[in-house]
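A.B. asks: Pasting a predicted model and its sequence here:
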Amino acid sequence: MIQKSTPIPKIDIFQGLDKGNISELRTWLQPRQFPEGLEIFREGQLPIGLFILTRGTVGVLKSSTEGRVRLANLEAPCFFGEMALLEGAERSASVTAQSDVMCFLLPTELFLSKLNASNATAMKIAVNVGRLVCRRLRDQNKRVATFAANNAARKRRIRSKPFRPTVK
């Protein structure tokens, strides 16, 4: 639980929450601090909840055949780990503190129990998280389409160059 005087960041997942919802949300959140360089969670781990970043920067990293790939840098105020609230599957990426970080944890089990009880605050947050996941997916689809188009154009340029063996 966080103190009543602690401000809740004005981020998209809290859109539409009234003063009563915010007061209730304060009782659910757990403060967390992470020093620069510490891994907050690792790809493949079971999730414990959603993180609301209130100070600092985190890096989102994904394993690939070429090693770890940076997907994003996130700066406060924002949130990460949102799929934990809706899906509960293993983490799809790792998140590491790029600076000293302060955040709040919204535990998955607590959130789901509130959601199952048709709690208005939890319902509003769930709808907002769903909208934001859709927005992020749409943005990612655009990036993938751009990458695919650029890759196809590069392959066409390579194929269109005639082969000319060098003679010595």
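C.D. replies: Alright, I've got the coordinates. As the structure is a computational prediction, the values presented were derived from the model and not from experiment.
A.B. asks: May I have the worst-scoring helix or strand of the chain on mean pLDDT as PDB, with CA atoms only?
C.D. replies: Lowest by mean pLDDT, DSSP states H and E among the helices and strands of the chain is helix 83-86, with a mean of 80. Taking C-alpha atoms only, helix 83-86 is exported to PDB below (Å, rounded to 0.1, in the frame of the first residue of the first chain):
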ATOM      1  CA  MET A  83       0.200  -8.700 -20.300                       C
ATOM      2  CA  ALA A  84       0.600 -10.200 -16.800                       C
ATOM      3  CA  LEU A  85      -2.800  -8.800 -15.800                       C
ATOM      4  CA  LEU A  86      -4.700 -10.200 -18.800                       C
END
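A.B. asks: Secondary structure class of residue 71, three-state.
C.D. replies: strand (DSSP: H, G, I helix; E, B strand; the rest coil).
A.B. asks: other SSEs contacting the least confident helix or strand of the chain?
C.D. replies: In terms of contacts (3 or more C-beta pairs under 8 Å, 6 or more residues apart in numbering; DSSP states H and E), helix 83-86 is packed against strand 49-55, helix 108-116, helix 120-160. Bear in mind the C-beta positions are built from the backbone N, C-alpha and C, glycine included.
A.B. asks: Quick one: name whatever helix or strand follows that helix.
C.D. replies: Sequence order places strand 94-97 as the next helix or strand after helix 83-86, per DSSP states H and E.
A.B. asks: contacts for that next one?
C.D. replies: With contacts defined as C-beta atoms under 8 Å, 6 or more residues apart in numbering, strand 94-97 is touched by 34-43, 51, 56-63, 68, 80-81.
A.B. asks: let's see it at 7 Å
C.D. replies: 34-43, 56, 58-61, 80-81 (C-beta atoms under 7 Å, 6 or more residues apart in numbering).
A.B. asks: now these: which count as buried?
C.D. replies: For these, a burial check counting by 16 or more other C-beta atoms under 10 Å picks out 34, 40, 41, 43, 56, 58, 59, 60, 61, 80, 81.
A.B. asks: State the pair within those that is farthest apart.
C.D. replies: 43 and 56 (20.4 Å; C-beta to C-beta).
A.B. asks: can you give me phi and psi for the residue sitting nearest the centre point of the chain?
C.D. replies: Nearest to the mean C-alpha position of the chain, by C-alpha atoms, centre = their mean, lies residue 80 at 3.2 Å. The phi/psi pair for residue 80 (degrees, to the nearest 10) reads phi -150, psi 160.
A.B. asks: so how far is residue 80 from residue 100?
C.D. replies: Residue 100 sits 16 Å away from residue 80, going by C-beta to C-beta, to the nearest Å.
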